[in-house]
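> what's the 3D shape of this:
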Amino acid sequence: MAVGQLPVQVREFARYLSELLGRLDQSAGWCGVFWQRDPDGMRACLEGAEVPPWDVVQALLHDLAADRGIPEAERETDTARMLHRASVAAYDARPGGRELLGDRLDMMLTEQRIALERQADLTRQLGTAVDQDDIDRINLDLAWVRDDHDRATARCAEIRERMDRLADAERPSWVDLGTAPSGDGFGVFPDASARRGPGAGLHPHPDPDLGPFPDDGPFPGDGPFPGDGPFPGDGPHVPRQDPAPAAETLYGAEPGIEPEPVSDAVRELIKLRGEGRSGEAHGVLVEAAGWPADRLPAFAAELHRAGLAADWATLLWEAASLPPDRLVALADALAGTGRADDCRKLLRQGVARPAPEIAEAIVALLDADREREARALLDSYLRVRTPEDVARCAHTNPHRLIPLLLEAARGVSEEHHWDLVHALRVAGFSA
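I've put the predicted structure just below:
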């Protein structure tokens with residue numbers, strides 16, 4: 001499609017991207033990596049023929065932070081995110097958009113599988129390496145291949161979400177989708193289902209509102225750049241893969257009427273892992289993350305006994321994106337069965353959400369008379385986030401949240417309290 005025929009939103013983002021690159025040293029940092037690894041993809045994005053995956057934009061904002069300072073990059077993030085979203089929506093709405101997304105999904109699933117196979121091979125090599133130079137080389141290769149896998153996985157999530165949006169837009173308005181199933185009833189995490197499937201949100205996966213420069217993995221996206229490389233400081237982190245149906249559809253049973261679901265799931269995982277069907281195995285874990293909270297400690301014990309401790313870590317990663325009441329319920333269940341470390345890990349991961357989402361979740365919990373859950377979520381947030389992050393929560397509902405934030409901060413420590421008082425004042429609130 002000629003440039004003049006491109007949707008205006010795509011042209012606008014291409015111009016923005018060109019201006020952003022003009023402020024960077026394009027031979028250094030992530031920008032230099034992208035030009036070296038996929039120059040055709042970079043040119044296509046600058047011309048508007050492609051929309052880059054968000055993790056690429058995120059990495060370029062890392063470069064901007066290094067070149068111009070974090071405040072400038074933080075200011076730029078909202079604009080970049082808004083223009084990127086509009087560009088993606090317009091790009092997908094073109095004729096053939098659904099077919100293109102399907103092709104991209106196939107490509108990313110292939111990239112995901114190749115990365116898993118390569119990771120397994122490198123891990124075997126590392127187990128037999130004795131020379132330090134070989135060990136260092138293998139560890140470096142592992143860092144790159146883990147990032148390849150994480151990026152492919154995140155892009156699968158993004159592509160599926162975009163395909164879902166297209167389907168929703170094309171569905172006739174008279175179609176009755178039926179009554180929504182009962183559940184948490186909050187609706188305060190609009191992207192949580194996509195993030196929890198293949199893992200988009202939560203990182204687990206970073207969000208611009210967390211500060212645009214996390215060191216722990218890529219942001220969801222799709223497009224070219226099938227293997228862009230690890231973020232600086234990248235350490236081992238849990239692979240995240242494809243979404244799967246709810247747990248009820250796997251086991252055909254309602255909560256409380258379970259024909260040995262824990263043992264069945266463990267046997268299924270052993271079988272799938274033995275056959276190298278990692279994507280399907282991950283689907284089982286995603287489904288299990290939606291089980292009743294009191295069932296999961298037993299699942300953890302079974303997984304560890306079966307030598308599948310890494311699968312339990314993956315499940316915790318997925319469960320971190322559960323709605324807040326269910327997140328706290330699972331944390332309670334883990335703590336009550338002696339799994340305090342898992343409880344802490346879950347809550348740390350669960351509060352890796354943008355400040356406005358945390359604030360909305362707390363307000364929603366309070367409105368639902370679930371004060372204990374609200375305070376548990378807030379306490380975890382205060383312990384792992386900066387005072388500046390916590391202060392951002394106040395913008396959602398200052399009169400209601402500021403007293404609660406200060407009370408919770410004092411409950412953690414006097415230092416937390418005074419740091420938050422200062423952060424609120426800097427943010428323009430009197431505290």
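
> Can you get me a residue count around residue 39?
As a burial measure, residue 39 scores 10 neighbours (other CB atoms under 10 Å). Any C-beta I mention is one placed from the backbone N, CA and C, and that applies to glycine too.

> For it, report the pLDDT, please.
Residue 39 carries a pLDDT value of 91.

> Mind giving me the packing neighbours of the host helix or strand of residue 284?
Following DSSP states H and E, one finds residue 284 within helix 278-289. Helix 278-289 sits against helix 97-128, helix 247-251, helix 261-274, helix 309-319, with contacts defined as 3 or more CB pairs under 8 Å, 6 or more residues apart in numbering; DSSP states H and E.

> worst average pLDDT in those?
Comparing mean pLDDT over the helices and strands packed on helix 278-289, the weakest stretch is helix 247-251, at a mean of 28.

> low pLDDT regions in the stretch 151-300 of the chain?
168-259 (pLDDT under 70).

> at 90 what do you get?
Residue ranges of the stretch 151-300 of the chain with pLDDT under 90: 151-261, 272-287, 289-290.

> Please identify the most buried of the helices and strands packed on helix 278-289.
helix 309-319 (a mean of 22; mean count of other CB atoms under 10 Å).

> That helix - contacts with which helices or strands?
If contacts are counted by 3+ CB pairs under 8 Å, 6+ apart, helix 309-319 sits against helix 278-289, helix 296-305, helix 340-350.

> Helix or strand next in line after it, which one?
Counting by DSSP H and E, what follows helix 309-319 is helix 324-336.

> Sketch out the low-pLDDT regions of the stretch 301-431 of the chain for me.
Along the stretch 301-431 of the chain, the model assigns pLDDT under 90 to residues 306-311, 313-329, 331-332, 335-336, 340-390, 392-393, 395-397, 411-413, 416, 427-431.

> Residue 29 contacts residue 62, correct?
Yes. In terms of CB atoms under 8 Å, residue 29 counts as a neighbour of residue 62; the distance is 7.0 Å.

> Would you mind getting the angle between the lengthiest helix in the chain and helix 97-128?
Selection of the longest helix in the chain by residue count, based on DSSP state H, yields helix 132-170. Interaxial angle of helix 132-170 relative to helix 97-128 (axes from the mean of the first three to the mean of the last three CA atoms, to 10 degrees): 160 degrees.

> Quick check: residue 336 vs residue 153, distance?
Distance of residue 336 to residue 153, given as CB to CB, to the nearest Å: 32 Å.

> residues contacting the residue lying closest to residue 68 once chain neighbours are set aside?
Closest residue in space to residue 68, ignoring its immediate chain neighbours: residue 23 at 6.7 Å, by CB to CB, 6 or more residues apart in numbering. Neighbouring residues of residue 23 by CB atoms under 8 Å, 6 or more residues apart in numbering: 64, 67, 68.

> what pLDDT does the last one get?
With respect to pLDDT, residue 68 has a value of 86.

> Now for the nearest residue to residue 294 once chain neighbours are set aside: which residues touch it?
Of all residues not flanking residue 294 in the chain, residue 333 sits nearest, at 5.2 Å (CB to CB, 6+ apart). By CB under 8 Å, 6+ apart, residue 333 lies in contact with 293, 294, 296, 297.

> redo that, cut-off 6 Å
Residue 333 makes contact with 293, 294, 297, according to CB atoms under 6 Å, 6 or more residues apart in numbering.

> List only those of these flagged as buried.
Buried members of the contacts of residue 333, scored by 16 or more other CB atoms under 10 Å, are 293, 297.

> Name the nearest of the contacts of residue 333 relative to residue 118.
Nearest to residue 118 among these is residue 297, at 33.9 Å by CB to CB.

> Phi and psi next, for the closest residue to that closest one other than its chain neighbours.
Of all residues not flanking residue 297 in the chain, residue 337 sits nearest, at 4.0 Å (CB to CB, 6+ apart). When read as degrees, to the nearest 10, the backbone of residue 337 gives phi -110, psi 20.

> ok, residue 337 - how many residues close by?
For residue 337, the count of nearby residues is 16 (other CB under 10 Å).

> One more: residue 25?
For residue 25, the count of nearby residues is 12 (other CB under 10 Å).
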